[in-house]
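S.K.: any chance you could fold what I've pasted below:
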Amino acid sequence: MSDLFSSANEAAAGADEAPAAASGTDPESTGGGLLSTEDLSGVSALDPLAVRMRPRTIDEIVGQEHLTAPGSPLHQLAEARTGARAGATSVILWGPPGVGKTTIAHVISHSPNRTFVELSAITAGVKDVRQVIENARNDRELYQRTTVLFLDEIHRFSKAQQDALLPAVENRLVVLIAATTENPSFSVIAPLVSRSLVLTLKPLTDEGVAQLIDRALESPRGLAGTFTLEDDARDYIVQVASGDGRRALTVLEAAAASARATAGSDEITAITREQAAESANQAVVRYDRAGDQHYDVISAFIKSIRGSDPDAALHYLARMIVAGEDPRFIARRIVIAAAEDIGMADPQALPLAVAAQTAVERIGMPEGRIPLAEAVVYLACAPKSNASYTAIDAAIADVRAGRAGEVPLHLRDAHYPGAKALGHGADYKYAHSYPHSVAAQEHLPESLAGVQYYSPTANGAEKGMAERLAAIARLRSGQ
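M.R.: Sure, this is the predicted structure:
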């Protein structure tokens, strides 16, 4: 099958202190601490550092202790040794890039009496899945071997493709290990989720990333002690990695190559912060415009505005801008926030938000970040009221519940022939003909007379609105 392959697209989430290099290996002779042999502990000299440092046992994984403790489902899955014991539950590994999803799958693949098959949902189809299932049936019947199917990027499979997995997973013909960066509740079909354990992987802590870096510096599978890393360089790599183990090792490898080229010798070479910074270029913001981070960050952004925290709101705005979020989407959310959370407490908030939206559409980015920031700061600092928002929702709820009633006769249209004969417009009081332009008459349907949807707060401009409405109520009642 052309789509069965050994992928190197997920970083090691931890690494061990590997045994000494094979005989004849001279890491320094490779110019940068790279392996000089074709094979050392199952890795190639041409493999990226993150692949070479991939853990080989579940105990070597860093940062996912909540999933790798003794007796955990992953431990049981990794330690099953016979076909009879291989009744392990299928799992869905959910987490951001670089935290060890592929690593866990490869660790499990090393268990005895297992056939390990790896597919990528990017390239595989239903035909490939069915072929794996047929081979798994033969292996179980003829050799009592269990097939572990690792399916990377399962969220890219269509519903029909995921459906093809169901019978084999339900009958445990295959043990599915599916990896996804998107919330399985939305990206994986419900029957498959119900037949699997959903395990959430966390971004690595700074301590975990630092541990990976130190292991890679010393391990014969890594840089083999041919480099030292200045403290500020280590801190920089940890910071720029943002919890992504693969990115940390990728930056370290590039910085090592830069340091060796600059040093021009085979002696132990120091990696500086400047070399690390040149290699990293800039931090990659963990943000998926179609996934959880999209919704989580925009949620935090809106809640920071609502919570009157301009600094937090600007932080989340910056994250969206750096990640390449559509500025029109950001502007729309700002306009919604102005109406929903500020409302009549500051009537200028909505016009300012709309002005920022217009400015972004006309001038584009990156200059559009400035009016966006101005609107965000204004909204975060403005007095807050959701009275208009709750008022319209309450009115809609009444209408949907059938509490509509007939439009009062005196408010009905009286401009067409025969309308007056029906009593339309009779006794209507023209508001401008009365003091303060308020007439003593009822406007709601009779069944809703006296209902109050809008209850102004005491915040900002709405404080005066409450006093005005009280006076209007008195005039409309004839007082």
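S.K.: check which residues of the lowest-mean-pLDDT helix or strand in the chain are buried.
M.R.: Of the helices and strands making up the chain, the lowest-confidence element is helix 73-79, at a mean of 76, by mean pLDDT, DSSP states H and E. Using 16 or more other C-beta atoms under 10 Å as the test for burial, helix 73-79 gives 74, 77-79. C-beta here means a position set from N, CA and C on the backbone, and glycine is covered the same way.
S.K.: closest one of the residues you listed to A394?
M.R.: For those, the residue nearest A394 by C-beta to C-beta is L74; the value is 49.2 Å.
S.K.: and the residue lying farthest from the centre of the chain, what pLDDT?
M.R.: In the chain, the residue that sits farthest from the middle, by C-alpha atoms, centre = their mean, is A421; the gap is 63.3 Å. pLDDT recorded at A421 is 74.
S.K.: ok, now G364?
M.R.: 87.
S.K.: what's the local residue count around it?
M.R.: 10 (other C-beta atoms under 10 Å).
S.K.: tell me the contacts of it?
M.R.: P327 (C-beta atoms under 8 Å, 6 or more residues apart in numbering).
S.K.: so that it lines up with my notes, have the first residue be 299 from now on.
M.R.: OK, 299 is where the count begins now, so the last one is G662.
S.K.: quick check: buried residues in stretch 652-662?
M.R.: In stretch 652-662, residues buried by neighbour count (16+ other C-beta under 10 Å) are 652, 654-655, 657-658.
S.K.: show me where the protein has strands.
M.R.: Along the chain, counting by DSSP state E, strands occupy 388-392, 412-418, 444-450, 472-478, 494-498, 525-527, 567-569.
S.K.: now, which of the buried residues of stretch 652-662 sits nearest D450?
M.R.: Using C-beta to C-beta, the buried residues of stretch 652-662 come closest to D450 at V658, 36.9 Å.
S.K.: now the buried residues of stretch 652-662 as a markdown table including distance to E358?
M.R.: As requested, the buried residues of stretch 652-662 are exported to a markdown table (distance: C-beta to C-beta, whole Å):
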| residue | distance to E358 |
| --- | --- |
| V652 | 55 |
| A654 | 50 |
| Q655 | 51 |
| A657 | 53 |
| V658 | 48 |
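S.K.: and those as TSV, adding distance to A539 and pLDDT?
M.R.: Listed next are those as TSV, based on distance: C-beta to C-beta, whole Å; pLDDT from 0 to 100:
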residue	distance to A539	pLDDT
V652	40	96
A654	34	96
Q655	35	94
A657	35	94
V658	32	92
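S.K.: between these, which sits nearest D437?
M.R.: Using C-beta to C-beta, those come closest to D437 at V658, 57.6 Å.
S.K.: what about the residue lying closest to that closest one once chain neighbours are set aside, how many residues close to it?
M.R.: Spatial nearest neighbour of V658, excluding adjacent residues (C-beta to C-beta, 6 or more residues apart in numbering): G666 at 3.9 Å. Neighbour count of G666, defined by other C-beta under 10 Å: 21.
S.K.: what sits against G666?
M.R.: Going by C-beta under 8 Å, 6+ apart, the list of residues near G666 reads 625, 657-658.
S.K.: of the residues you listed, which is the nearest to A768?
M.R.: Using C-beta to C-beta, the contacts of G666 come closest to A768 at A657, 38.7 Å.
S.K.: surely the closest one meets P669?
M.R.: Yes - using C-beta atoms under 8 Å, A657 is in contact with P669, at 4.0 Å.
S.K.: can I assume A680 is in contact with A647?
M.R.: Yes - the pair A680 and A647 qualifies as a contact (C-beta under 8 Å) at a distance of 5.2 Å.
S.K.: what pLDDT does the residue lying closest to Y726 once chain neighbours are set aside get?
M.R.: Distance criterion C-beta to C-beta, 6+ apart; nearest residue to Y726, sequence neighbours excluded, is H708 at 4.4 Å. H708 carries a pLDDT value of 78.
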